[in-house]
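1. turn this into a structure:
(one chain, ligands or ions: 4)
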Amino acid sequence: MNQYEIAVIPGDGIGKEVVPAAIRVIDTLTDIHGGLSFKWTSFPWSCEYYLEHGAMMPEDGIQTLRNFDQIFLGAVGMPNLVPDHVSLWGLLIKIRREMQQSINVRPAKLLNGLASPLRDPEPFDLIVVRENSEGEYSEIGGRMHSGSDEMAIQSAVFTRKGTERAMRYAFDLAKKRRQHVTSATKSNGISHSMPFWDDVFKDVLKDYPDIATTSNHIDALAAFFVMKPHVFDVIVASNLFGDILTDLGGAIMGSIGIAPAANLNVERTLPSMFEPVHGSAPDIAGKGVANPLGQIWTGKLMLDFMGYEDLGKLLLDAIEHVLVSGIKTRDLGGRATTEDVTSAVIEYLKSCG
Ligand SMILES: NC(=O)c1ccc[n+]([C@@H]2O[C@H](COP(=O)([O-])OP(=O)(O)OC[C@H]3O[C@@H](n4cnc5c(N)ncnc54)[C@H](O)[C@@H]3O)[C@@H](O)[C@H]2O)c1
Ligand SMILES: O=C(O)C[C@@H](O)C(=O)O
Ligand SMILES: [K+]
Ligand SMILES: [Mn+2]
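-> Ligands and ions are numbered 1, 2, ... in the order given. A predicted model of the protein is given here:
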């Protein structure tokens with residue numbers, strides 16, 4: 001029996017609703033498998049924790065997390081309690097950086113049973129590889145003066161190491177898929193970092209002669225996500241461009257409540273972190289109506305990363321089965337609750353096991 005230690009951070013808002021739901025689903029899967037189990041240890045780090053302790057996590061929080069195999073997180077942020085940049089940088093981004101989770105993998109595909117808001121789309125199946133450690137998300141800058149003299153500067157940071165790492169990950173992924181990589185650039189308007197990004201892309205692609213490539217400016221690329229998402233295989237993007245593209249990826253599937261994500265420590269020297277693309281959704285939190293499928297699909301990404309692709313596949317089958325059967329939360333136009341969807345997924349899995 002392989003036992004894994006998973007740190008659980010439900011976080012804020014609907015994170016506290018969808019994380020327990022996904023854990024029940026994954027426990028059902030591991031029961032069926034019989035050869036592995038997860039020991040879940042939950043941490044209350046969140047905006048409420050901040051109000052009580054003056055920090056999003058304890059000082060030794062990162063040290064604590066190092067002892068786990070993986071981290072399973074819901075969402076962070078409650079802007080009426082704590083400013084968003086404080087909550088995000090104090091927990092989510094802190095973990096991404098300290099655990100060297102330099103790559104954020106975010107798939108989007110047209111699922112069976114889920115109507116895309118796009119009219120009559122051709123089947124699409126794409127993966128955005130988001131650079132997760134630098135780029136536009138930098139701590140370099142500051143604010144100065146006040147009143148009409150007030151100003152702010154924030155410098156983006158693009159290193160050859162970080163840029164190349166994201167690109168190589170994208171090319172290696174494309175090798176196992178449909179042999180195509182799109183680079184998200186903006187080298188017409190952003191005149192230093194993005195021409196650099198393009199140069200690194202040209203250098204890296206030389207090592208992958210079998211992979212076809214395209215370079216698109218991010219504005220056009222965003223439009224292509226709506227007009228012809230089926231042309232994409234793997235897309236490599238900077239931290240901010242990847243962030244924006246992946247909410248769009250969720251939207252074209254049918255809801256951002258369904259989109260999964262994996263923050264990967266590719267070296268596997270420290271835990272990776274699995275959390276859906278969506279946030280804490282304060283507008284629907286506490287009502288029991290959040291879509292748990294993004295968090296559940298995120299569980300599939302965790303199983304895949306840990307080498308249990310057979311279970312991962314079964315989990316995505318279960319998601320599609322439930323969608324086809326019409327059990328859908330409000331964001332998908334249905335009336336089902338978080339609980340209804342979760343128990344339908346569990347029931348399907350039990351019927352397979
Ligand atoms: N990775 C993260 O933890 C993460 C990601 C995005 C936003 N945030 C934080 O979350 C808070 C809210 O941000 P936001 O409103 O911009 O984005 P959001 O993703 O929380 O919500 C955007 C919209 O999508 C809906 N939605 C999101 N997930 C859903 C789900 N599972 N089921 C049904 N509907 C869902 C919400 O109801 C809302 O209308 C902020 O504090 C923000 O910083 C955190
Ligand atoms: O900006 C971020 O990375 C936070 C959130 O929007 C996300 O996509 O994880
Ligand atoms: K999240
Ligand atoms: Mn985002």
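2. you'd agree Pro79 is up against Gly279?
-> No. Contact criterion C-beta atoms under 8 Å: Pro79 and Gly279 do not qualify, at 9.8 Å. (Glycine included, C-beta is placed from N, CA and C.)
3. these two: who's more crowded?
-> Gly279 (23 against 15; other C-beta atoms under 10 Å).
4. and the more buried one, that's in a helix?
-> No. Counting by DSSP: H, G, I helix; E, B strand; the rest coil, Gly279 is not found in a helix; it is coil.
5. pLDDT at the closest residue in space to it that isn't next to it in sequence, what is it?
-> With sequence-adjacent residues excluded and distances taken as C-beta to C-beta, 6 or more residues apart in numbering, Gly279 is closest to Ala75, at 4.8 Å. Looking at Ala75, its pLDDT is 98.
6. would you map out the domains in the chain?
-> As assigned by automatic domain parsing, the chain contains the domains 1-101+267-353, 116-253.
7. is the shortest one anywhere near ligand 1?
-> Same thing as domain 116-253. No. Judged by C-beta under 6 Å from any ligand atom, domain 116-253 stays clear of ligand 1, getting no closer than 7.3 Å.
8. quick one: mean pLDDT over that domain.
-> Averaging pLDDT along domain 116-253 gives 98.
9. where along this structure do the helices fall?
-> In the chain, the helices defined using DSSP state H lie at 15-33, 47-53, 61-65, 84-87, 93-98, 160-175, 193-205, 218-227, 239-253, 293-305, 309-324, 338-352.
10. buried ones in the shortest one?
-> Meaning helix 84-87. Under the neighbour-count criterion of 16 or more other C-beta atoms under 10 Å, helix 84-87 has Val86, Ser87 buried.
11. cool, the second one as well?
-> For helix 47-53, burial by neighbour count (16+ other C-beta under 10 Å) applies to Cys47, Tyr49, Tyr50.
12. for burial, what's the neighbour tally of the residue lying closest to Val324 once chain neighbours are set aside?
-> By the measure of C-beta to C-beta, 6+ apart, the closest residue to Val324 outside its immediate chain neighbours is Gly113, 3.5 Å from it. Gly113 is flanked by 16 other residues according to other C-beta under 10 Å.
13. swap in Gly142?
-> Gly142 has 10 neighbours, counted by other C-beta under 10 Å.
14. report the contact partners of it.
-> Taking C-beta atoms under 8 Å, 6 or more residues apart in numbering as the contact definition, Gly142 lies against Ala152, Ile153.
15. which of the buried residues of helix 47-53 come close to ligand 3?
-> By C-beta under 5 Å from the ion, no member of those lies near ligand 3.
16. quick check, nearest of those to ligand 1?
-> Cys47 (8.1 Å; C-beta to the nearest ligand atom).
17. the closest one against Val82, yeah?
-> Yes. Here Cys47 lies in contact with Val82, judged by C-beta under 8 Å, at a distance of 4.4 Å.
18. what is in contact with those two at once?
-> Jointly contacting Cys47 and Val82 under the rule C-beta under 8 Å, 6+ apart are Met56.
19. quick check: Ile211 touching Leu173?
-> No. At 10.0 Å, Ile211 does not count as touching Leu173 under the criterion of C-beta under 8 Å.
20. neighbour count winner among these two?
-> Per other C-beta under 10 Å, whichever of Ile211 and Leu173 has more neighbours is Ile211, with 20 against 17.
21. in the stretch 251-353 of the chain, which residue sits nearest ligand 2?
-> Closest residue of the stretch 251-353 of the chain to ligand 2, C-beta to the nearest ligand atom: Val277 (5.6 Å).
22. who's in contact with that residue?
-> By C-beta under 8 Å, 6+ apart, the contact set of Val277 is Arg106, Thr246, Asp247, Gly249, Gly250, Ile256, Ala259, Pro260, Ala261, Gly294.
23. the same query, at a cut-off of 6 Å, please.
-> Shown in contact with Val277 (C-beta atoms under 6 Å, 6 or more residues apart in numbering): Arg106, Thr246, Gly250, Ala259, Ala261.
24. which among these gets closest to Cys352?
-> Ala259 (24.4 Å; C-beta to C-beta).
25. what is the neighbour count of that closest one?
-> Ala259: 26 surrounding residues under other C-beta under 10 Å.
26. also the one 5 residues further on?
-> Using other C-beta under 10 Å, Leu264 is surrounded by 22 other residues.
27. test my guess that it contacts Ser272.
-> Yes. If you go by C-beta atoms under 6 Å, Leu264 and Ser272 touch, sitting 4.8 Å apart.
28. what's the overlap in contacts for these two?
-> Both Leu264 and Ser272 are in contact with Gln101, where contact means C-beta under 6 Å, 6+ apart.
29. for ligand 1, see how far away the residue nearest to Gly141 when sequence neighbours are not counted is.
-> Spatial nearest neighbour of Gly141, excluding adjacent residues (C-beta to C-beta, 6+ apart): Gln154 at 3.8 Å. From Gln154 across to ligand 1, the span is 17 Å (C-beta to the nearest ligand atom, to the nearest Å).
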